[in-house]
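Q: quick one: sequence and predicted model below, then my questions.
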Amino acid sequence: MADQIKWDLTQLVSNADADSIVAALDRLVADAVKFRERYQGRIAELDAQGLLGFLDERDALYVRHEGPVMLAQLLYTADSTDAVAKRLNDAVRKAGTRAGQELAFSEIELGSLLKKRPGLVSDPLLKEYHHYLEKVQARVPHLLSESEERLVMAKDQNGIEAWSQLQQDWLSTRMFKMTVDGEVKDLAYGEIISFYSDPDREKRRSANSIVYSELGKDDILWSTALRSICADHLHMCEWRKYANPIDPSLLDNDVEASAIDALMKVMRKNADVYSRYLKLKAKLLGLDMLGNWDLQAPLPLAPDTKYDWARSRETVTKAYRSFDPQFAEWVTDMYERRHLDGEPRKGKASGAFCSYWYSGKSAYVLQSFNGRRSDVYTQAHELGHAVHSYLASRAQKLSNFSAGSCIAETGSIFGELLLTDQLLKDATSDEEKLAVLDTVWEEFGMAAFQVSARYHFEQSLYDAIKAGKVLDGETVAAMWTKARDDVYGDAVEWLPEMKWEWTMKLHYYIPNYRFYNYPYVFAQLFVYALYKLYQEQGKAFVPKMKALLSAGSSKSPAQLAKEQGFDIATEEFWQKGIDQAVVFLERMESLAEGRGKA
Ligand SMILES: [Zn+2]
């Protein structure tokens, strides 16, 4: 059984022994050097035909070396304690850095070319690269000179990247003392947070209190790191002539400010919908009011349904089959060829992911499968990513393959909703249905409402720095609680130490990755709106969904939505997503009502 749920990575390469992989990684670097020698200093002179050759060749270079790179990376995520995995991980990181340095010139020179000859973007010969070139062109006004760009990269290493590393290392080495069933335990961060969803309310409360009281003690460290990273971003925005701190992320995510404004307005307007869910959850837990430590509590009467691997596979495949036989075929292909790693083991990366395999027109999925309903959800989610990869790799060039953050979760969240349908069909009691819908709403509440609070929090950080405020720990904490309370209203009671929640939110400390937050909100509402459309249109919707997923990044989110008949710059569109969430909520309310009467 355990053997069945380990993945088979040997398909990625023709020869999987360690020495061959290291040799293949060396060839990647050598190829990158050759490529640079051929093109550096010459891109600015290319005509349409030459540019096409350059772009195709660059794609081909990555595709040629994809297998060994993936193999080395995936082996390490599956078991970081394995000596061979360690060696290969080290080799792939070095090769990646080297190759990246060799190829860094290409984006910069491409920018210069498009500045000189903007007409190339619309040249018919470059049709397939049209949107890719549009995106490169949009960055041109914000590029510094080549030597300045190199200097920024070098200074970042010991600047914002060091602050980020410090935050990560400090968090991962904290130990927390917690009394569990009369015994005092020393727990790492990754261990103590599992008590957040413990059925025992006192354990949940105590774990939350211990973690945040402890983290608050180092507020000088966290606030200095955060302040430095945010202030650096504001400086760089000035240098690069961005009007607003959110603008670079809008370019990265290929969206317009008007769409995000409309989205956030809709979230604000619907805060009462979230309160309605939170109050229902309190009632289901038999409480007058939720404490923040109850947000992830399991419902007390929910049957403890266990899934073994076979049952999970069957349920997930059925869910995808109900939508489209082709989706089910690809999902089956993933299981059959052992592209999933489910076995929990020491040294395995925490969480779950799907790694796209472009040249194999497939994907690999990692998760730690423990037989809970949430593990089945994770599996459906990651396989939704896989289906996205099967579709886009068949339709797109590599440069257009990976969808940006706003669209990247479309297949995966949609897959979760298909699973929800399936689980509701399979459920044998109202309590089970309630538990399924609660899982859906817990996720939606966090990814849509809670994360929208983080968007406002991040905005307030930049506003404060611009206004000359010093961001010490208490100041940041006050801004955090303000943004949080705007979303939760009076539906939740917060422990005072929860004001330190921002200290461990990794995303705020990732260098050159600002405003990670709104794409999550975007993705939830976007997919919920699509799902509503599916409910209304039935099978007629299937080819539309396939076209959307096949597009990869060859079209902007606005364009993709337009092809479905939506305008993402309107509040009306985003409201459809909320409306679908309300459908789920109403179903929960009526089940809860029925339970009261039984
Ligand atoms: Zn995902």
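A: Structure received. Residues are numbered from 1 along each chain as shown.

Q: low-confidence stretches in the stretch 201-350 of the chain?
A: Along the stretch 201-350 of the chain, no part satisfies pLDDT under 70.

Q: could you pull out the strands for it?
A: 290-291, 340-341 (DSSP state E, counting those that start in this stretch).

Q: tell me the phi and psi of Val180?
A: phi -120, psi 120 (degrees, to the nearest 10).

Q: what count of nearby residues applies to it?
A: 15 (other C-beta atoms under 10 Å). C-betas here are computed from N, CA, C, even on glycine.

Q: do Leu251 as well
A: Count around Leu251 with other C-beta under 10 Å applied: 13.

Q: the residue nearest to Lys283 when sequence neighbours are not counted: which element?
A: In this structure, Lys283 finds its nearest non-sequential neighbour in Ala592, 6.7 Å apart by C-beta to C-beta, 6 or more residues apart in numbering. For Ala592, the element it lies in under DSSP states H and E is helix 571-597.

Q: got the buried residues for that helix?
A: Using 16 or more other C-beta atoms under 10 Å as the test for burial, helix 571-597 gives 573-578, 580-582, 584-585, 587-589, 591-592.

Q: what ranges do the strands span in the stretch 451-598 of the chain?
A: Assigned by DSSP E, counting those that start in this stretch, the stretch 451-598 of the chain shows strands spanning 492-493.

Q: where exactly do the helices run in it?
A: Along the stretch 451-598 of the chain, counting by DSSP state H, counting those that start in this stretch, helices occupy 451-466, 473-488, 518-537, 542-550, 557-563, 571-597.

Q: just say which of the ones you listed is most tucked in.
A: Of all the helices of the stretch 451-598 of the chain, helix 518-537 carries the top mean neighbour count, a mean of 22, counting by mean count of other C-beta atoms under 10 Å.

Q: centre of the chain to it, how far?
A: Mean-position distance between helix 518-537 and its chain equals 16 Å (C-alpha atoms, centre = their mean, to the nearest Å).

Q: low-confidence ranges in the chain?
A: 1-4, 596-598.

Q: ok, now with 50
A: The model of the chain has pLDDT under 50 over residues 1-3, 598.

Q: can you check which helix is longest in it?
A: helix 83-116 (DSSP state H).

Q: surely Ser460 and Met479 touch.
A: Yes: under the criterion of C-beta atoms under 8 Å, Ser460 makes contact with Met479 at 4.8 Å.

Q: what is the burial count for Asp232?
A: So Asp232, with other C-beta under 10 Å, has 17 neighbours.

Q: gap between the closest residue to it other than its chain neighbours and Ala551?
A: Of all residues not flanking Asp232 in the chain, Ile160 sits nearest, at 5.1 Å (C-beta to C-beta, 6+ apart). Between Ile160 and Ala551 the distance is 33 Å, computed by C-beta to C-beta, to the nearest Å.

Q: Ala83: neighbour count?
A: Ala83, neighbours per other C-beta under 10 Å, totals 9.

Q: what do you get for Leu12?
A: 22.

Q: hang on, isn't it packed against Gly67?
A: Yes: using C-beta under 8 Å, Leu12 is in contact with Gly67, at 4.2 Å.

Q: need the overlap of contacts for those two.
A: Gly360 (C-beta atoms under 8 Å, 6 or more residues apart in numbering).

Q: how close does the residue nearest to Asp324 when sequence neighbours are not counted sit to Gly489?
A: When the adjacent residues along the chain are set aside, Asp324 lies closest to Val542, with 5.2 Å between them (C-beta to C-beta, 6+ apart). According to C-beta to C-beta, Val542 and Gly489 sit 39 Å apart.

Q: Leu250: neighbour count?
A: Using other C-beta under 10 Å, Leu250 has 18 other residues around it.

Q: quick one: contacts for it?
A: 256-257, 260.

Q: what about stretch 224-233, distance to the chain center?
A: How far stretch 224-233 lies from its chain's middle: 23 Å, per C-alpha atoms, centre = their mean.

Q: what does that stretch contact?
A: Counting by C-beta under 8 Å, 6+ apart, 159-160, 163-164, 166-167, 245, 461-462, 465, 470-471, 476, 502, 508-509, 511-512, 514 sit against stretch 224-233.

Q: what subset of these is buried?
A: Members of the contacts of stretch 224-233 classed as buried by 16+ other C-beta under 10 Å are 160, 163-164, 166-167, 245, 461-462, 465, 471, 476, 502, 508-509, 511-512, 514.

Q: any idea whether Tyr356 is helix, strand or coil?
A: Classification of Tyr356 using DSSP: H, G, I helix; E, B strand; the rest coil returns strand.

Q: ok, it touching Val387?
A: No: when contacts are counted by C-beta under 8 Å, Tyr356 is not listed as touching Val387 (11.1 Å).

Q: compare the two (neighbour count), which wins?
A: Each of Tyr356 and Val387 has its neighbours counted (other C-beta under 10 Å); Val387 has more, 28 against 20.

Q: and the host helix or strand of that one, what does it pack against?
A: In this structure, Val387 sits in helix 373-395 according to DSSP H and E. Helix 373-395 is packed against helix 309-323, helix 325-336, strand 353-357, strand 362-366, helix 410-426, helix 430-444, helix 542-550, with contacts defined by 3 or more C-beta pairs under 8 Å, 6 or more residues apart in numbering; DSSP states H and E.

Q: using PDB, write out every CA atom in it.
A: Taking C-alpha atoms only, helix 373-395 is exported to PDB below (Å, rounded to 0.1, in the frame of the first residue of the first chain):
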ATOM      1  CA  ARG A 373     -11.300  14.500   4.200                       C
ATOM      2  CA  SER A 374      -9.000  17.500   4.000                       C
ATOM      3  CA  ASP A 375      -6.400  15.300   2.400                       C
ATOM      4  CA  VAL A 376      -8.900  14.300  -0.300                       C
ATOM      5  CA  TYR A 377      -9.500  18.000  -0.900                       C
ATOM      6  CA  THR A 378      -5.800  18.600  -1.200                       C
ATOM      7  CA  GLN A 379      -5.500  15.700  -3.700                       C
ATOM      8  CA  ALA A 380      -8.400  17.100  -5.800                       C
ATOM      9  CA  HIS A 381      -6.900  20.600  -5.700                       C
ATOM     10  CA  GLU A 382      -3.400  19.500  -6.800                       C
ATOM     11  CA  LEU A 383      -4.900  17.300  -9.600                       C
ATOM     12  CA  GLY A 384      -6.800  20.300 -10.800                       C
ATOM     13  CA  HIS A 385      -3.400  22.000 -11.300                       C
ATOM     14  CA  ALA A 386      -2.300  18.800 -13.100                       C
ATOM     15  CA  VAL A 387      -5.300  19.000 -15.500                       C
ATOM     16  CA  HIS A 388      -4.400  22.600 -16.100                       C
ATOM     17  CA  SER A 389      -0.900  21.500 -17.100                       C
ATOM     18  CA  TYR A 390      -2.200  18.700 -19.400                       C
ATOM     19  CA  LEU A 391      -4.300  21.300 -21.200                       C
ATOM     20  CA  ALA A 392      -1.900  24.200 -21.400                       C
ATOM     21  CA  SER A 393       1.200  22.200 -22.300                       C
ATOM     22  CA  ARG A 394      -0.700  20.800 -25.300                       C
ATOM     23  CA  ALA A 395      -1.800  24.200 -26.500                       C
END
